[in-house]
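J.: Predicted model and sequence below, questions to follow.
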Amino acid sequence: MLDTSARLLRLLSLLQTPRAWPGSELAERLGVSGRTVRNDIDRLRELGYPVDATRGATGGYRLGAGAAMPPLLLDDEEAVAVTIALRTAATQGAVPGTEETSLRALAKLEQVLPSRLRRRVRTMQAYTVAVPADRPAPTVSADVLTALVSACRDRERLRFDYLDHAGSPTRRVAEPYRAVNWGQRWYLVAWDVEREDWRTFRVDRIRPRTPTGPRFTPRELPGGDAAAYVSRGVSSAAWRYCARVTVHAPAAAVAEQINPAVGTVEALDAGTCVLVTGADTVQSLAVHLGMLDFDFEVTEPAELVVHLRRLADRYARSTAPAG
């Protein structure tokens with residue numbers, strides 16, 4: 001049987017999982033009586049841990065929220081994952097203002113890591129290299145992101161200034177639904193009150209106005225999945241140049257080559273599909289289409305059509321027989 005201190009730590013570890021624990025199950029896990037479990041729960045409460053208790057078939061004990069965050073107990077895999085995530089946030093994060101906080105949390109965690117885990121983390125750090133993105137990711141203010149997700153949580157209307165694709169300022173009123181991290185960008189999925197339709201907004205282009213508006217009754221998002229909604233709409237709408245490309249290949253074959261962050265694929269028939277994609281330059285679009293290695297047809301945007309014709313002439317000249 002575990003001694004009291006070890007048992008309390010084990011009990012605390014169990015309570016930190018996101019579920020309710022019946023007293024009988026805790027007693028079985030710890031190898032003690034139900035009375036001992038109740039006494040240990042009282043000890044944790046005396047130490048400042050907010051342990052909630054509920055009755056009923058689905059009731060039990062769980063660790064609640066208190067005035068201060070209690071120490072967390074992480075298993076080996078959780079500790080390694082959190083350490084790596086904090087280091088990534090501190091060095092590569094797209095949310096300015098969180099780097100210093102991430103470094104402080106990282107220092108505290110690495111200080112108490114067992115040597116075996118510290119070795120794993122340092123090995124991961126020493127023998128992995130992050131390739132810089134082909135273009136800088138837009139930065140998002142931590143204060144703005146916090147304001148948006150708070151409005152989503154509280155179901156309060158948002159008033160904000162927004163820069164459209166052309167950089168022109170507009171003023172919007174929206175009912176926020178979810179903030180979605182997709183690719184290298186953050187997006188807000190919301191119901192645009194004035195346009196009476198769902199919209200996806202780039203968070204780095206949002207400047208919230210205060211105070212927030214009245215509370216609203218949530219609507220049903222088309223498809224019910226915010227991430228899928230962003231994937232369908234943003235894969236082309238986020239870019240300066242958007243294209244619908246008819247590809248003469250099965251949709252499954254094209255989808256294998258397309259990251260959801262750069263396009264969506266819709267089947268037309270067994271051997272043809274439509275690729276909806278975009279890029280900030282027609283040059284980038286042409287490169288990606290050429291890498292598909294399938295025949296395709298493009299009718300818009302006009303700038304892309306012109307560029308592809310220019311490339312076709314250039315490639316034809318590059319393989320012309322010597323005179």
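T.: Arrived safely, thanks for sending. Owing to the predicted nature of the structure, the values given are computational and were not obtained by experimental measurement.

J.: can we go C-alpha only for contacts and neighbour counts from here?
T.: Will do.

J.: helix/strand/coil for residue 104?
T.: In terms of secondary structure, residue 104 is helix; the call rests on DSSP: H, G, I helix; E, B strand; the rest coil.

J.: And it, how far from residue 145?
T.: 21 Å (Cα to Cα, to the nearest Å).

J.: Those two: which has the busier surroundings?
T.: Neighbours around residue 104 and residue 145, counted as other Cα atoms under 10 Å, are more numerous at residue 145. The numbers are 20 against 12.

J.: mind checking pLDDT for that one?
T.: In the prediction, the pLDDT value recorded for residue 145 is 88.

J.: what's stretch 197-204 in contact with?
T.: By Cα atoms under 8 Å, 6 or more residues apart in numbering, the surrounding residues in contact with stretch 197-204 are 138-141, 144-145, 185-192, 221, 230, 233-234, 238.

J.: Buried members of the residues you listed into ChimeraX, please.
T.: In ChimeraX, a selection of the buried entries from the contacts of stretch 197-204 looks like this (16 or more other Cα atoms under 10 Å):
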select :139,140,141,144,145,185,186,187,188,189,190,191,192,230,233,234,238
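
J.: Inside strands: which ones of the contacts of stretch 197-204?
T.: 185, 186, 187, 188, 189, 190, 191, 192 (DSSP state E).

J.: need the helix or strand of this protein with the lowest average pLDDT.
T.: Across the helices and strands of the chain, mean confidence by mean pLDDT, DSSP states H and E is lowest for helix 226-237: a mean of 69.

J.: Can you identify the element that follows it toward the C-terminus?
T.: With elements assigned by DSSP states H and E, the helix or strand that comes after helix 226-237 is strand 241-247.

J.: neighbours of residue 272, just the number please.
T.: Neighbours of residue 272 using other Cα under 10 Å come to 17.

J.: so where's this structure shaky on pLDDT?
T.: 1-2, 57-58, 66-70, 90-97, 131-137, 183-184, 232-238, 261, 322-323 (pLDDT under 70).

J.: Which parts of it are strands?
T.: Assigned strands in the chain, in chain order: 51-54, 60-63, 158-163, 169-182, 185-192, 197-202, 206-209, 241-247, 263-269, 272-279, 296-298 (criterion: DSSP E).

J.: in its sheet, what does the shortest one sit against?
T.: The one in question is strand 296-298. Sheet pairing of strand 296-298 (DSSP bridges) gives strand 241-247 (antiparallel).

J.: And for the strand it pairs with, what's in contact with it?
T.: So strand 241-247 is contacted by 236, 272-282, 294-301 (Cα under 8 Å, 6+ apart).

J.: swap the cut-off to 7 Å and go again
T.: The set of residues external to strand 241-247 that reach it, using Cα atoms under 7 Å, 6 or more residues apart in numbering, is 236, 272-282, 294-298, 300-301.

J.: now do stretch 303-319
T.: Around stretch 303-319, the neighbours that count as contacts under Cα under 7 Å, 6+ apart are 282, 286, 298, 299.

J.: Neighbour-wise, which one of those residues leads?
T.: Counting neighbours by other Cα under 10 Å, residue 282 leads the contacts of stretch 303-319 with 22 neighbours.

J.: follow-up on the earlier one: turn the strands of the chain into a markdown table, including distance to residue 321.
T.: Putting these into a markdown table (distance: least, Cα to Cα, whole Å) gives the following:
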| stretch | distance to residue 321 |
| --- | --- |
| strand 51-54 | 82 |
| strand 60-63 | 77 |
| strand 158-163 | 51 |
| strand 169-182 | 47 |
| strand 185-192 | 47 |
| strand 197-202 | 50 |
| strand 206-209 | 55 |
| strand 241-247 | 30 |
| strand 263-269 | 38 |
| strand 272-279 | 34 |
| strand 296-298 | 26 |
